[in-house]
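Chemist: Sequence plus the predicted model coming up.
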Amino acid sequence: MARVEIVKRKSSSAIQVPIELIRAKKSAGAAFTFACDSSGLEDKEIYSELGIDAGYFSNIKKSKATLQGDLIKPFCKIVGNTIYPEWIAYQVGCTLVMTKSEAEQRLEEAEKRARDAERKLRALSDIISKAGIE
C-alpha cells in the first residue's frame, strides 16, 4: 500500500524583483539561488515540492546541474517568481512576456469596444445637447 505524506508548507507570495538584479547574476546557479532566496522558503520546501533530491538541488545551486525544462513552471509557482527563467531568457538576448489566454484577449477586446462605444455616446449626447434637442 502506498503512503501519502502531506507536507504543509509556507506560502510564497509572488514578488517583483528589478530585472537589473536578475541580469547581474553571473551563472544559472546564482539565478536559481536568487529565485529560491527571494521566495522566503526553506530549500527543503522547494526541492520536496519539486520531487527532486537534496543533492541534485544543491548541484543546481552550484551550477553543476540544471533544472529540467518541465520543472521550471512548477518551480516558479512554488517560489512565487520567474527569476530563473528570466535569467535564462536574458542569456539569449530575450526577456519573458506573460502570454494572454484567449479569454483574456477577448475580454481586453470587449473592454476596448465598450470604451469606444461610451466615447461615441458622449460625443452624440454633446451634439444633441448643443443642438437643443431633448
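Modeler: Yep, that arrived. Numbering: from 1, shown residues only.
Chemist: so where does residue 48 fall, helix or strand?
Modeler: When secondary structure is defined using DSSP states H and E, the element that contains residue 48 is helix 43-50.
Chemist: Tell me the helix or strand right after that helix.
Modeler: Beyond helix 43-50 on the C-terminal side, the first helix or strand identified by DSSP H and E is helix 54-61.
Chemist: For that following helix, give me every contacting residue.
Modeler: With contact meaning C-beta atoms under 8 Å, 6 or more residues apart in numbering, helix 54-61 is reached by 28-29, 32-33, 36, 43-44, 46-47, 50, 65-67. (C-beta placed from N, C-alpha, C; glycine too.)
Chemist: which residues sit in contact with the residue nearest the centre of the chain?
Modeler: Most central residue of the chain, judged by C-alpha distance to the mean C-alpha position with C-alpha atoms, centre = their mean, is residue 82 at 5.0 Å. Residue 82 makes contacts with 76, 96, as judged by C-beta under 8 Å, 6+ apart.
Chemist: now it: how far from residue 17?
Modeler: Using C-beta to C-beta, to the nearest Å, we find residue 82 at a distance of 9 Å from residue 17.
Chemist: And for residue 108?
Modeler: Summarising the geometry, the distance separating residue 108 from residue 17, computed by C-beta to C-beta, is 26 Å.
Chemist: Over the helix holding residue 48, what's the mean pLDDT, rounded is fine.
Modeler: If you average the pLDDT over helix 43-50, you get 97.
Chemist: For it, buried residues please.
Modeler: 45-50 (16 or more other C-beta atoms under 10 Å).
Chemist: just checking, what packs against that helix?
Modeler: Contact analysis of helix 43-50 by 3 or more C-beta pairs under 8 Å, 6 or more residues apart in numbering; DSSP states H and E lists helix 28-39, helix 54-61, helix 72-79 as its packing neighbours.
Chemist: what about 7 Å?
Modeler: Helices and strands in packing contact with helix 43-50 are listed as helix 54-61, helix 72-79; criterion 3 or more C-beta pairs under 7 Å, 6 or more residues apart in numbering; DSSP states H and E.
Chemist: any chance of those helices in TSV, with mean neighbour count and mean pLDDT too?
Modeler: Formatted as TSV, the helices and strands packed on helix 43-50 follow (neighbours: other C-beta atoms under 10 Å; pLDDT from 0 to 100):
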stretch	mean neighbour count	mean pLDDT
helix 54-61	16	98
helix 72-79	18	96
